[in-house]
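Colleague: Build me a model from this:
(one chain, ligands or ions: 1)
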Amino acid sequence: VFSNVPLAPPDAILNLSTLYKADESTQKVDLGVGAYRDNEGKPWVLPVVRKAEEIIFQNRPEHEYLPIGGLASFTSSAATLLLGKDNVAFKENRVVSFQTISGTGANYLGARFLAKFKPQDTLVLLSQPTWANHQNIFNTAGFTTQNYRYYDPSTLGLDLQGMLQSLGDAPNGSIVVLHACAHNPTGVDPTQDQWQQIADVMQAKGHFPFFDCAYQGFASGDLDRDAFAIRYFVQRGFECSVAQSFAKNLGLYGERVGCYHVITKTEQSANHVRSQVARTSRAIISNPPLYGARVASTVLNTPELMAEWRDNLKFMAGRIITMRDELRQRLVQLGTPGNWDHIVNQIGMFSFTGLSPTQVEAIKTKHHIYMTSNGRISMAGLSTHNIDHVARAIDDVVRN
Ligand code: PMP
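Modeller: Prediction:
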């Protein structure tokens, strides 16, 4: 039965973490990990999450099934967090929200739903580069994917003209996957003015925006600022989708807390879409998991916990921003060839260093520092204990 199943290529990130674990050097540094670490390199449970858990356990909750759409107090407050409480789309009953298996499940539910109702030859456009799983998810749902230009290696920033041109050249009515903030893997986001130009082209072409929002609040430390692009598109009257994850911003990685939202033009479309997304989600998971949604709902619906969450977010984003400044400062002090401003200009969990695959290999074998072969580093892997070692190692591989 299985004799014609070929071996799939290894997952680059998982492979990296195996190599890191096997390395016996005391100097080793893991800059591949896509999860927040404290200054001691340890996972960090947000204090606000601990408080929410205590409240939940005091109430001795039962463990019944959730409805297909999920925990309503969670999905509605998650939508409010994205769109802002006064968004006219709520007053007009044009927002559809489903609880999902974190951001991955939200992308997949959206992809499967759209695959049923978009014309068969609809293309899905992904940024070049993008999160490694996007192509896998949209192909698995049956879509053909194509890249749009996004990152310019010569400036280590956004290739805006290239992006506008790719979107303009694509067939009308394509689905365009946009990172709402903290683009993974580059850390390069459009400015507010650039978002406006992107929206102009997308409107002219009738493209459908599919936002992937995995880092709201984690990017800048400000939940509202990080939702700018989504709110802007909705305000301009676009119908769109949002895949929302609470893995990073609440540190609920393994609990798989997320939502898939659709914002439609009319209440009637919202009702129809809701009925169809429910069928699709029923086929994939039947009912979403309770625990993480309870934690998130308790935080989102308790004003004191909301305030504390904002502080926790500022703390995580602040440590990462400090690490960006410190790394850049050290490279400038060492006189490392090249300009390192991009490290502080990029945003979120990741930075695209500009190191070549050969330099990435050298920094691993010579200095025991692990990063993906495209030169992406997780800023959360840096700490006051390892930053000198990392800066000197970058300096060494850039010079040699
Ligand atoms: N989208 C992007 C862009 C991401 O970086 C991630 C996390 N690596 C996800 C979605 C989904 O993560 P999760 O399924 O853990 O929420």
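
Colleague: how far away is the nearest residue to residue 11 once chain neighbours are set aside from residue 74?
Modeller: Once flanking residues are discounted, residue 11 sits nearest to residue 132: 8.0 Å by Cβ to Cβ, 6 or more residues apart in numbering. For glycine as for every other residue, the C-beta is placed from the backbone atoms N, C-alpha and C. Per Cβ to Cβ, to the nearest Å, residue 132 is found 28 Å from residue 74.

Colleague: How about residue 266?
Modeller: 25 Å.

Colleague: what residues does the stretch 251-400 of the chain put near the ligand?
Modeller: Proximity of the stretch 251-400 of the chain to the ligand, by Cβ under 6 Å from any ligand atom, involves residues 253, 258.

Colleague: For the ligand, what's its nearest residue on the stretch 251-400 of the chain.
Modeller: Proximity of the stretch 251-400 of the chain to the ligand (Cβ to the nearest ligand atom) peaks at residue 258, 5.5 Å away.

Colleague: Can you give me every residue that contacts that residue?
Modeller: Taking Cβ atoms under 8 Å, 6 or more residues apart in numbering, we find residue 258 in contact with 99-106, 243-247.

Colleague: Is my assumption valid that it occupies a position in a strand?
Modeller: Yes - assessed by DSSP: H, G, I helix; E, B strand; the rest coil, residue 258 belongs to a strand.

Colleague: Can you list phi and psi of residue 346 for me?
Modeller: The phi and psi values for residue 346, taken as degrees, to the nearest 10, are phi -70, psi 160.

Colleague: wait, it sits on residue 352?
Modeller: Yes - the pair residue 346 and residue 352 qualifies as a contact (Cβ atoms under 8 Å) at a distance of 6.7 Å.

Colleague: what's the overlap in contacts for those two?
Modeller: Shared contacts of residue 346 and residue 352 (Cβ under 8 Å, 6+ apart): 156, 186-188.

Colleague: What about these, which one has the most neighbours?
Modeller: Among these, the one with the most neighbours (other Cβ atoms under 10 Å) is residue 186, at 28 neighbours.

Colleague: I'd like to know how far that one sits from residue 144.
Modeller: Distance from residue 186 to residue 144, by Cβ to Cβ: 24 Å.

Colleague: So residue 266 and residue 74 - more neighbours on which side?
Modeller: Applying other Cβ under 10 Å to residue 266 and residue 74 shows that residue 74 carries more neighbours, namely 27 against 12.

Colleague: So for that one, what's the pLDDT?
Modeller: According to the prediction, residue 74 has pLDDT 98.

Colleague: Isn't it up against residue 99?
Modeller: Yes - Residue 74 lies in contact with residue 99 (Cβ under 8 Å); the separation is 6.4 Å.

Colleague: any common contacting residues for the two?
Modeller: 259, 293.

Colleague: and residue 90, what is it in contact with?
Modeller: For residue 90, the contact set (Cβ under 8 Å, 6+ apart) comprises 79-80, 83.

Colleague: Much appreciated, bye for now.
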